[in-house]
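> here is the input, now give the coordinates:
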Amino acid sequence: MTELINAGELANILGVSRQAVQKAQRTGRLSAIGGKFDPTVAKIQWETNRRRRPARPKEPAGEAAQVRNGGQSPSGEGSGYWVSKTRRETAEASKSELELAKMAGTLVLRAEIDRTLFGAARVMRDQMLALAPRLAATLAPISDPAVIERRIDAEIRVALAAFAQQVRAGGLLDVNFGQPG
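Okay, here's the model as predicted:
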């Protein structure tokens, strides 16, 4: 006579959970002697009486199969639930990082940046467009190219300095366009 074993040991031999063995015993598909099982008899009863699930049709490999499986890989790993859960957790982590940056004062809202840069660019455009008419009369009588170049350079620097001042006033950048300091 072979040695009798408990439900946990039989589950290991059969490759199933202890609960599956106990359920099979309760439903009469496995017989026990004093709560213990003869492994040889139990294997035969398990193979004869176990409830087999219908075979799943094989899925074609590739992305189309993953879409049909709700994000599940063709091998059956993962599921649409876990893919969605991972995406949600990633989004929550990103949101938390943004909130932390906002609280630390390192996050600047894009609308504020756009508004400040638009205003600064408008001032710069207006000053650059005013350069030619303003300089035309004063530069016409000058024949020395070096003097003309210095005057144009000075006017351009004034326009760039005004742009930098606008940007600094918006608190965006520490811009210095060739000015000492």
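
> so what pLDDT did the residue positioned nearest the centre of the chain get?
Centroid-nearest residue in the chain, with CA atoms, centre = their mean: Thr90, separated by 5.2 Å. On pLDDT, Thr90 comes in at 92.

> surely it is in a helix?
Yes. Assessed by DSSP: H, G, I helix; E, B strand; the rest coil, Thr90 belongs to a helix.

> ok, now how distant is the residue lying farthest from the centre of the chain from Ile148?
Computed with CA atoms, centre = their mean, the residue of the chain farthest from its C-alpha average is Pro141, at 63.8 Å. Distance, Pro141 to Ile148, by CB to CB, to the nearest Å: 11 Å. The C-beta positions use only the backbone N, C-alpha and C, and glycine is treated the same way.

> low-confidence regions, the chain specifically.
In the predicted model, the chain carries pLDDT under 70 at residues 1, 53-78, 171-181.

> make sure Gln127 is indeed in a helix.
Yes. With three-state DSSP as the criterion, Gln127 is part of a helix.

> excluding chain neighbours, what is closest to it?
Nearest residue to Gln127, sequence neighbours excluded (CB to CB, 6 or more residues apart in numbering): Ala159, at 3.8 Å.

> in the helix or strand containing the one you found, what's buried?
Assigned by DSSP states H and E, Ala159 falls within helix 145-169. Buried residues in helix 145-169, counted by 16 or more other CB atoms under 10 Å: Glu155, Ala159, Leu160, Ala161, Phe163, Ala164, Gln166, Val167.

> ok, now how distant is the second one from Ile142?
When CB to CB is applied, the distance between Ala159 and Ile142 equals 20 Å.

> how does the protein divide into domains?
7-49, 63-104, 110-169 (automatic domain parsing).
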